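[1] next one to model:
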Amino acid sequence: MDAALIVVAALWGAGTGLLCPRAAYRLSVEAGEAWREACPAGHVYAGPGRGWLGGACCAAPVPARLAAPLVTAAACAVLAATTGARPEVVVWLALAPFAVLLALVDLRVRRLPDRLTLPMAGAAAVLLGVAASAPGAGGAWATALLGGPALGGAYLALFLINPDGMGFGDVKLALALGVVLGWYGWAVLFAGAFAGFLFGSLYGLGLVALRRAGRGSTIPFGPFMLAGALAGVVLGGLAAT
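    Residues are numbered from 1 along each chain as shown. The predicted model follows:
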């Protein structure tokens with residue numbers, strides 16, 4: 001285990017996680033609405049990246065400002081610890097902040113914006129192709145490319161069977177997660193996908209037990225898909241060691 005790599009990964013996660021709350025607030029709008037151009041206090045966003053890059057809005061509570069960097073730092077540290085110095089660790093660290101951002105948006109408005117999901121799938125495929133050409137890669141680019149449409153197709157089938165139980169944004173996110181999980185093979189892809197359903201089911205059952213939701217209630221599923229993918233990548237990284 002490379003302690004220096006883990007520390008660098010955690011610092012990267014904390015730094016990029018600090019940028020997530022502002023972007024999440026701007027993206028957390030209903031379908032058809034324009035992205036938010038000002039914070040709750042009325043201050044117009046400006047600066048790098050046309051105002052997308054920067055700290056949390058001034059009206060955000062302190063816990064909200066700290067949650068994203070802490071979660072991103074923890075995820076990046078775990079990915080670095082389990083993947084090691086293999087070239088794909090760079091891909092995981094690059095994608096982790098966007099995964100946290102997607103989870104934040106889905107938790108707030110139950111949406112997974114195309115602006116994030118579709119580019120994430122393409123970026124994962126391209127970056128893993130670069131990683132596959134580097135010495136010491138722990139996965140296979142061919143199964144990564146096949147994993148995207150395989151998992152996306154499975155989610156599409158579930159969406160067509162029960163459109164009320166799953167959003168089409170989940171289908172698009174599945175494309176990216178399929179690429180990521182497919183890197184380590186079909187067993188990891190299945191394990192990561194299953195873990196997502198397991199986490200979501202346990203959360204839903206917990207809400208029902210606490211009488212905070214009924215059996216027909218829906219939950220934002222993206223965060224659980226992402227958590228399951230993280231679990232799958234961790235397992236794949238450990239198995240490839």
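[2] mind checking the backbone torsions on residue 183?
    In this entry, residue 183 is assigned phi and psi values of phi -50, psi -40 (degrees, to the nearest 10).
[3] before we move on, what SS does the nearest residue to it once chain neighbours are set aside have?
    For residue 183, ignoring the flanking residues on the chain, the nearest one in space by CB to CB, 6 or more residues apart in numbering is residue 139 at 3.6 Å. All C-beta atoms are positioned from the backbone trio N, CA, C, and that covers glycine. Under DSSP: H, G, I helix; E, B strand; the rest coil, residue 139 falls in the coil class.
[4] what stretches of this structure score poorly on pLDDT?
    Counting by pLDDT under 70, the chain shows low-confidence ranges at 1, 57-64, 213-216.
[5] residue at max distance from the center of it?
    The C-alpha centroid of the chain is most remote from residue 42, which lies 29.3 Å away (CA atoms, centre = their mean).
[6] returning to that earlier point: surely the residue nearest to residue 183 and residue 237 touch.
    No. With contact taken as CB atoms under 8 Å, residue 139 and residue 237 are classed as non-touching, separated by 9.2 Å.
[7] which residue is the nearest non-sequential neighbour of residue 24?
    Nearest residue to residue 24, sequence neighbours excluded (CB to CB, 6+ apart): residue 104, at 3.8 Å.
[8] how deep is residue 83 tucked in, by neighbour count?
    Applying the criterion other CB atoms under 10 Å, we find 27 residues in the vicinity of residue 83.
[9] whoops, I mixed them up, residue 33
    Neighbour count for residue 33, taken as other CB under 10 Å: 9.
[10] host element of it?
    When elements are assigned from DSSP states H and E, residue 33 belongs to no helix and no strand.
[11] what are the phi and psi values at it?
    Backbone geometry at residue 33, expressed as degrees, to the nearest 10, gives phi -90, psi 150.
[12] my read: residue 81 touches residue 6, true?
    Yes. Residue 81 lies in contact with residue 6 (CB under 8 Å); the separation is 5.2 Å.
[13] for the residue nearest to residue 183, grab phi and psi.
    Note on residue 139: its backbone torsions stand at phi -140, psi -170 [degrees, to the nearest 10].
[14] what of residue 17?
    Phi and psi for residue 17, reported as degrees, to the nearest 10, are phi -70, psi -30.
[15] what about the helices in this structure?
    Counting by DSSP state H, the chain has these helices, from start to end: 3-17, 20-27, 62-83, 88-109, 114-132, 141-161, 168-182, 186-209, 222-240.
[16] summarise which helices and strands the shortest one is packed against.
    Counting by 3 or more CB pairs under 8 Å, 6 or more residues apart in numbering; DSSP states H and E, the packing neighbours recorded for helix 20-27 are helix 62-83, helix 88-109.
[17] for these, which one sits closest to residue 122?
    The closest of the helices and strands packed on helix 20-27 to residue 122 is helix 88-109. By CB to CB, the value is 11.6 Å.
[18] that closest one vs helix 222-240, what angle?
    Relative orientation of helix 88-109 with respect to helix 222-240: 160 degrees, computed using axes from the mean of the first three to the mean of the last three CA atoms, to 10 degrees.
[19] what about dumping the CA coordinates of helix 88-109 to CSV?
    The C-alpha coordinates for helix 88-109 follow below in CSV (Å, rounded to 0.1, in the frame of the first residue of the first chain):
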residue,chain,number,x,y,z
GLU,A,88,-6.4,3.1,-14.0
VAL,A,89,-6.2,4.8,-10.6
VAL,A,90,-5.9,8.1,-12.4
VAL,A,91,-9.2,7.4,-14.2
TRP,A,92,-11.0,6.5,-10.9
LEU,A,93,-9.7,9.7,-9.3
ALA,A,94,-10.7,11.8,-12.3
LEU,A,95,-14.3,10.4,-12.3
ALA,A,96,-14.9,10.4,-8.5
PRO,A,97,-15.8,14.1,-8.2
PHE,A,98,-18.3,13.9,-11.0
ALA,A,99,-19.8,10.8,-9.3
VAL,A,100,-20.3,12.8,-6.1
LEU,A,101,-21.7,15.7,-8.0
LEU,A,102,-24.2,13.4,-9.7
ALA,A,103,-25.2,11.9,-6.4
LEU,A,104,-25.8,15.4,-4.9
VAL,A,105,-28.0,16.5,-7.8
ASP,A,106,-30.1,13.3,-7.8
LEU,A,107,-30.6,13.5,-4.0
ARG,A,108,-31.9,17.1,-4.4
VAL,A,109,-34.1,17.0,-7.4
